[in-house]
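Novice: Sequence plus predicted model, see below.
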Amino acid sequence: MPTELQELVDTAWEESLSGQNSLPLADVKDMLDQVGIKLPNHKVRDVVQDLKNKGETDGEFLSKSGFEKLCQSLTEGDVAKTFKTSKQHDKNAEKIQGALGAQHTVLNEEQAAFADWINNNLDKDADVAHKLKLNETGSDMYEKMDDGMLLCKMINLAAPETIDERVINTGKNISIFKQHENLTLAINSAKAIGCVVIGIDSHTLNSSQGKKWLILGLVWQLIKMYLFKQISISSVPGLVNLLREGEELADLMKLSPEQILLRWVNHQLEKAGSSRRIRNFHEDIKDSEVYTELIAQIAPKDAGVNKLALEKKELLERAETMLDQAEKIKSRAFVTPKDVVRGQERLNLAFVANLFNNHPSLDPPKENIVIEMDNIEESREEKMFRNWMNSLGVSPRVHYLYSDLYDGLIIFQLMDFIRPGIVIWKKVKTAEQQSKMAAKRLQEVLGNCNYAVELGKKLNFVLVGIAGSDIMAGNKTLTLALIWQLMRAYTLSLLSQLNADGTPIVESEIISWANNKLLEGGKEVSIKHFQDKTNKTSLPIIHLIDVIKPGVIDYSFVKQGESMSKEDCLSNAKYAVTMARKIGAPVYALPEDISEVKHKMVMTVYASLMLADNK
């Protein structure tokens, strides 16, 4: 489980070095400042020179693990006693002291905005009506999330039908045990949809632990996922208008939702005849001019929107006038005038995403593009693999498998999860180390991909016909074959940790374990293999869950009988997946994978249950 310090490093790294694996030595002082370790310049120079002397740097770079080790030594050694550890934070924030002197910040404006979103989006849900409204500051959010109900409901807003709501423990006064069940369900479901929940369990989420920053971080991931789910070609085909000259539809798939929103804003500004363009959601939007032009451009003609904000000299007054216009198109959300003027990035990003969702204002695509769109839409399998990778905290976040894996860097991170130390990072060319010359960079990327294939063979992957060039080119069939083997190896690696000597677990052992468990529990069902057609009913899985946690299954929800329909099988599968997550199994498979007997994914379900049983 990550320490407070690791969480601080991860946060600072994501903010400043997202997608990079090493830190330029020239930036060590700035990075230490961000983590909260204040040292004078001369001391930083001594520290960096010491790292070089010990051979712990890679030329003029320091790896993330090396930086983390440095922070550890600084906070534990004499340096921490000599120099004050501090961090500059927004005045409108609560500072929470953690372990090792780490300091976490909960921004009050984020807390209030997120609470407002919860109030507005769950106000009609009878199961949580007794918890709402959260107060205006959002300070009661943490205690009201202790029983897991709000988090489960938020997950289903972010990714509909992820949780079978028959499984959620509801009521005004549910037991501590049932509260932990809900929180465990929420955590495993959040993982399944791609949230990073490293270092979080049902105990750390309890308000009595005081770890507000963890809860707020998870809440933000879910809100962001909810806001971003419509920013796709399938939901808004008009996004093709954002393609630049020489780009293809696949290039749009490579972009993160944040990048797409930046393009969208600039596209609307260009249509409005404005000379302004933005590159971020903090500095570039503070004066409200961009927002005023954007709202006027996307608003329906009869909305009565005006640009009077541009006549206001005082920035807060201008922001208020601009937000009055957003109100006219039912899009005033997340930000206050102060949040705009301060350039509060998360809230301004959410504000823009909400504007896009309500009023995308994009022309429909041409017919030839529509046909191409059908061929590029993300499949169920691709989405599941992407969510699995993202939940592990890979950096940068994966948005489109075939482009985001092309340089091998994500693959190396996954391999390091499977067998720590297998990747010799000195052999890897990170993004910042790659040449600026296209031809040389191409060779460096190919070298990475060839090395990834070499390591795959060391992990006993079947890579016949797969070369580094296939990964680099984004060959769909071969890339998927490699990703499946990565996921399988990761799942089995978790199980091998159950053995004292780390002996690898093989699939036949999982089947033996499941059948023995079912026999011991007096269940009259068994499976011959993962392709066994009995799995399509989900009954072996449901009975297995009941044996692992006796009494947890409500059999009134379970369809049984000789001739079960497809609908019955899918209903059981939804129940089985959610119940598995509720008892602590990290299931990434979808209900359809079980009801359609996708044997590879069925294996991961049984493996996850074996893991939960042995925890």
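Specialist: Right, received. Where do you want to start? Residues are numbered from 1 along each chain as shown.
Novice: from what I can see Leu249 touches Val240, true?
Specialist: Yes - between Leu249 and Val240 a contact is recorded at 6.7 Å, counting by CB atoms under 8 Å. Placement of C-beta: from N, CA and C, glycine included.
Novice: Who has more neighbours out of those two?
Specialist: Val240 (20 against 16; other CB atoms under 10 Å).
Novice: Pretty sure that one sits against Pro365.
Specialist: Yes - assessed by CB under 8 Å, Val240 is found in contact with Pro365 at 4.4 Å.
Novice: how about the strands of this protein, start to end?
Specialist: 22-24, 61-63, 93-97, 103-107 (DSSP state E).
Novice: Could you find the closest non-adjacent residue to the most centrally placed residue in the chain?
Specialist: With distances taken as CA atoms, centre = their mean, the residue of the chain nearest its centroid is Cys195 (3.2 Å). Leaving aside its chain neighbours, Cys195 sits nearest to Gln221 (4.6 Å; criterion: CB to CB, 6 or more residues apart in numbering).
Novice: quick one: low-confidence parts of the protein?
Specialist: 1-4, 76-104, 367-376 (pLDDT under 70).
Novice: What is the burial count for the residue nearest to Cys195?
Specialist: For Gln221, using other CB under 10 Å, the count is 19.
Novice: mind checking how far the closest residue to Glu283 other than its chain neighbours is from Leu463?
Specialist: The spatial neighbour of Glu283 that comes closest, neighbours along the chain excluded (CB to CB, 6+ apart), is Gly343 at 5.7 Å. Using CB to CB, to the nearest Å, we find Gly343 at a distance of 48 Å from Leu463.
Novice: is it true that Phe281 touches Asn348?
Specialist: Yes - assessed by CB under 8 Å, Phe281 is found in contact with Asn348 at 4.3 Å.
Novice: in the stretch 401-550 of the chain, which spans are helices?
Specialist: For the stretch 401-550 of the chain, the helices defined by DSSP state H, counting those that start in this stretch cover 401-404, 409-418, 438-458, 468-473, 476-496, 507-520, 539-548.
Novice: ok and the second one relative to helix 438-458, angle-wise?
Specialist: Relative orientation of helix 409-418 and helix 438-458, computed by axes from the mean of the first three to the mean of the last three CA atoms, to 10 degrees: 20 degrees.
Novice: Disregarding flanking residues, what is the spatial nearest neighbour of Asn241?
Specialist: In space, Asn241 is closest to Leu362, 5.2 Å off (CB to CB, 6+ apart).
Novice: ok, back up a step: ok, now which ones touch the residue nearest to Glu283?
Specialist: Residues counted as contacts of Gly343 (CB atoms under 8 Å, 6 or more residues apart in numbering) are 281-283, 285-286.
Novice: which among these end up buried?
Specialist: Buried members of the contacts of Gly343, counted by 16 or more other CB atoms under 10 Å: 281, 285-286.
Novice: how about the residues you listed in CSV, adding distance to Val602?
Specialist: Formatted as CSV, the buried ones among the contacts of Gly343 follow (distance: CB to CB, whole Å):
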residue, distance to Val602
Phe281, 42
Ile285, 48
Lys286, 52
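Novice: now, which of those sits nearest Asn499?
Specialist: Of all these, Phe281 has the smallest distance to Asn499: 48.1 Å, by CB to CB.
Novice: Tell me which residues touch the closest one, please.
Specialist: Contacts of Phe281 were listed using CB under 8 Å, 6+ apart, and they are 258, 261-262, 343, 345, 348-349, 352.
Novice: and if you look at Phe228?
Specialist: Residues in contact with Phe228 (CB under 8 Å, 6+ apart) are 257, 353.
Novice: could you pull out the helices for the stretch 101-250 of the chain?
Specialist: Using DSSP H, counting those that start in this stretch, helices in the stretch 101-250 of the chain cover 108-122, 141-144, 149-158, 176-192, 212-228, 249-253.
Novice: What's the separation between the residue nearest to Glu283 and Thr184?
Specialist: 38 Å.
Novice: Could you do Met472 as well?
Specialist: Applying CB to CB, the value for Met472 to Thr184 is 40 Å.
Novice: Just give the nearest non-adjacent residue to Thr137, would you?
Specialist: Ala112 (5.4 Å).
Novice: Next, count neighbours for the one you found.
Specialist: 22.
Novice: That one: what's it in contact with?
Specialist: 136-138.
Novice: Equivalent analysis for Leu252, please.
Specialist: Contacts of Leu252 (CB under 8 Å, 6+ apart): 233, 239-240, 242-243, 260.
Novice: What sits closest to Ala581 if chain neighbours are left out?
Specialist: Rather than Ala, residue 581 is Arg. Using CB to CB, 6+ apart, the closest residue to Arg581 is Asn188 (3.7 Å).
Novice: And for Asn135?
Specialist: Of all residues not flanking Asn135 in the chain, Ala115 sits nearest, at 7.2 Å (CB to CB, 6+ apart).
Novice: which phi and psi does the residue lying closest to Ile260 once chain neighbours are set aside have?
Specialist: Distances taken as CB to CB, 6+ apart place Ile231 nearest to Ile260, at 5.5 Å, with adjacent residues excluded. When read as degrees, to the nearest 10, the backbone of Ile231 gives phi -90, psi 70.
Novice: pretty sure Ile231 contacts Leu355?
Specialist: No - Ile231 lies out of contact with Leu355 (CB under 8 Å); the separation is 11.6 Å.
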